Structures are given as structure tokens and as C-alpha cells.
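**Q** No sequence on hand, only this structure:
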Ligand SMILES: Nc1ncnc2c1ncn2[C@@H]1O[C@H](COP(=O)(O)OP(=O)(O)OP(=O)(O)O)[C@@H](O)[C@H]1O
Ligand SMILES: O=P(O)(O)O[C@H]1[C@H](OP(=O)(O)O)[C@@H](OP(=O)(O)O)[C@@H](O)[C@@H](O)[C@@H]1OP(=O)(O)O
Ligand SMILES: [Mg+2]
Ligand SMILES: [Mg+2]
């Protein structure tokens, strides 16, 4: 929300105003549309009150729909319902507490390496703290892993993820660098040298610059569009991105993460994207001047 962007939108008839979140929305505006990335009971009540008083205004997006993305189990549930060929999610299990972690001598259907991810993906300070676990020792090193969390199958995918940004019917897929493949040698080395567990955080922030990356083929545009459209409808959300990897061994793409309202400013032409998605431009939702 830099001045350049606000001016750009204004020239196109869209007027952005900051909201005072500590005061009732009904005392502010009038607003035709509220765009937010804020969570919590008080804020939800504030929005609810506003919606009752302004039934024609659009809220992007409803807190109940956003909520689903705050849990790494529920966020991926819609994928299997989409029933799109060659689309899947990695196997994963829930580890609710430390007790169940220490009793997890067998990791069910998963095989090492696995990724431990915090169950909650709610923008909290630890929500992006992950661990790559190479063996049972790494798993039972309780102080390193903090339930509630999920254990997700690590899948070799050539070190590149596809990050797909969705803003209503706008869809853009970009490549980002990812964790490198884990070989048998790495498994042995990490198993003995790191006690079987390695922490990492927010590694997908960097735009990919890996040599050899040009060789990675983008997924077919029709496939990307179908997944984006399916998720948009299933999630009932306008603004999100999802991370996809291509399984090296199968002809299958795996969705590993879905984020609400990501940093669109990293996209080229974000000004255009963010001031022209249809729900913002629809005549019934023009901003009051
Ligand atoms: N199942 C997996 N197999 C292989 N690599 C994975 C897997 N899950 C995650 N990764 C790697 O770990 C990174 C972080 O995982 P994930 O995207 O779930 O975390 P996040 O903190 O929610 O990320 P973001 O910053 O996109 O919100 C991914 O970008 C990818 O590089
Ligand atoms: O700030 P960035 O551009 O890194 O955006 C990241 C965003 O952080 P922000 O909310 O502080 O913007 C994250 O939100 P929280 O989960 O922490 O709420 C999450 O959505 C990431 O996926 C985004 O990274 P991207 O997927 O776009 O690479
Ligand atoms: Mg991610
Ligand atoms: Mg995420």
C-alpha cells in the first residue's frame, strides 16, 4: 500500500482508505468493499456488524473461509475433492502433542525424510518454522519439534516449487527455489551429523536463481487454471496463493501449502492485478468518492 499504488488505483476510479481497526467499521467509510488480512474474535465481530448494516458491501474475504487456511490439515482437504487428474497432496499425519510424538516409533505410512510443520499457519511468529527429519532419533528429539504439528512426506522435486498467485480470476504461476532433493548419502550424513533433524524457515521467499532452473518445465497453463479455479470455488476465497511441487518419481503435482493474501507486490504488474480483479471493479462495488 505504497503511495504510488494508491495513486495508480485512484486514477482508475478505485479509492483505497486505511481502516482504523480499533474503531467500529460502521462509524467509518462508507466503504463499498473491505480488503483485510486481520484475524481475531473482535475483528470478526466488527466485520459481522458492518456486513449486517451494509449488506451490499463486499468483504474480501469472509473470516470463516480464511480460517480454513490457518490449519495445515484443513487447508489441503479441498484438493482431493477437486478430483483433478495428476493432482494430489503429500501423505501427512497429525501429531497433536509431545506424548504422541514420543510414541510415534513408526511414522505410519510415511517414510523418512519427513517435514515437521506447525499445525497452525496463522501468520504467528512460529508458523513458518519447519524441520526436516531424517530418522527416528530426529523425531524423538522432543525439544527440536513442537506439537501440535503435522508430519508431511518429503518428496524429491528437483529443488523448484511452483507458486501460483490467485486474485479472483487472475492467475500467475512463478518458479521459486525450494529444498534440494535428498539423496541416500544425504540421509546418512544428516542422520549422523545433525542428530537426524534440521530446522529451516521461510525458504520460499527468494525468487529462484538456481543454475539449471531454466530446464524446469512449467506446468501446463490449463492445469494451473483448473487447479486455481477449483480452489477458488472450493475455498470461497478471492486472494491466495498455493505452492506446488512435481513429484520426481510419479507424473503428479502435489500441493503442499496454501496461503491467504500473500505478498502480491512480488508479482510484476501487481498494481494492475490488485486494482482490477472483477469483484473490486463490479459496478455495485465501486468505491464512494
Ligand atoms: N512435502 C514436501 N516435500 C518437499 N519439500 C517441501 C514439502 N513441503 C514443504 N517443502 C519445502 O519447504 C518449504 C516450506 O514449506 P511450506 O510452503 O509448507 O511452508 P510455509 O512456511 O507455509 O511457506 P510460505 O512462506 O509459502 O507460507 C516449501 O516452499 C518447499 O520448499
Ligand atoms: O511478506 P511476504 O511477501 O513474504 O508474503 C508472505 C506472507 O507474509 P506477509 O503476510 O507478512 O506478507 C505470509 O503470510 P503469513 O502466513 O505470515 O501471514 C505467507 O502468505 C507467505 O506465503 C507470503 O510469501 P509468498 O507466498 O508471497 O512468497
Ligand atoms: Mg509455502
Ligand atoms: Mg504457507
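**A** Happy to help now that I have it. What you are looking at is a predicted structure, and each value in this text was computed from that prediction instead of being measured. Numbers count the residues shown, from 1 in each chain. Ligands and ions are numbered 1, 2, ... in the order given.

**Q** Could you use CA atoms for every contact and neighbour count after this?
**A** Will do.

**Q** which residues of this protein fall in strands?
**A** With DSSP state E as the criterion, the chain has strands at 33-35, 58-60, 87-88, 92-95, 114-118, 129-133, 149-153, 160-167, 170-177, 197-201, 239-246, 253-260.

**Q** Lowest average pLDDT across those strands?
**A** Note on those: strand 197-201 shows the lowest mean pLDDT, a mean of 90.

**Q** what angle separates that strand from strand 114-118?
**A** 50 degrees (axes from the mean of the first three to the mean of the last three Cα atoms, to 10 degrees).

**Q** ok, residue 1 to residue 9 distance?
**A** Using Cα to Cα, to the nearest Å, residue 1 is found at 10 Å from residue 9.

**Q** Comparing these two, which residue is more hemmed in?
**A** Shown here are residue 1 and residue 9; by other Cα atoms under 10 Å, residue 9 has more neighbours (18 against 10).

**Q** Please, where are all the helices along the chain?
**A** Taking DSSP state H as the test, the helices found in the chain are 3-11, 41-53, 63-67, 77-82, 98-102, 136-140, 184-193, 221-235, 270-274, 278-281.

**Q** Residues touching the fifth one, excluding its own?
**A** The contact list for helix 98-102, computed with Cα atoms under 8 Å, 6 or more residues apart in numbering, reads 95, 139, 140, 142, 146, 147, 148.

**Q** Looking at those residues, spot the one nearest ligand 2.
**A** The closest of the contacts of helix 98-102 to ligand 2 turns out to be residue 148 (Cα to the nearest ligand atom; 17.0 Å).

**Q** what about the nearest residue to that closest one once chain neighbours are set aside, distance to residue 124?
**A** Once flanking residues are discounted, residue 148 sits nearest to residue 96: 4.4 Å by Cα to Cα, 6 or more residues apart in numbering. Distance of residue 96 to residue 124, given as Cα to Cα: 18 Å.

**Q** Between these two, point out the one with more neighbours.
**A** The residue with more neighbours, out of residue 96 and residue 124, is residue 96; 14 against 9, by other Cα under 10 Å.

**Q** Can you give me the distance of the more buried one to ligand 1?
**A** From residue 96 across to ligand 1, the span is 18 Å (Cα to the nearest ligand atom, to the nearest Å).

**Q** could you list every residue that touches that residue?
**A** Residue 96 makes contact with 147, 148, 149, according to Cα under 8 Å, 6+ apart.

**Q** I'd like the residues you listed as a markdown table, with neighbour count and distance to ligand 1 appended.
**A** As requested, those are exported to a markdown table (neighbours: other Cα atoms under 10 Å; distance: Cα to the nearest ligand atom, whole Å):
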| residue | neighbour count | distance to ligand 1 |
| --- | --- | --- |
| 147 | 20 | 16 |
| 148 | 17 | 15 |
| 149 | 24 | 12 |
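
**Q** Alright, I will stop here.
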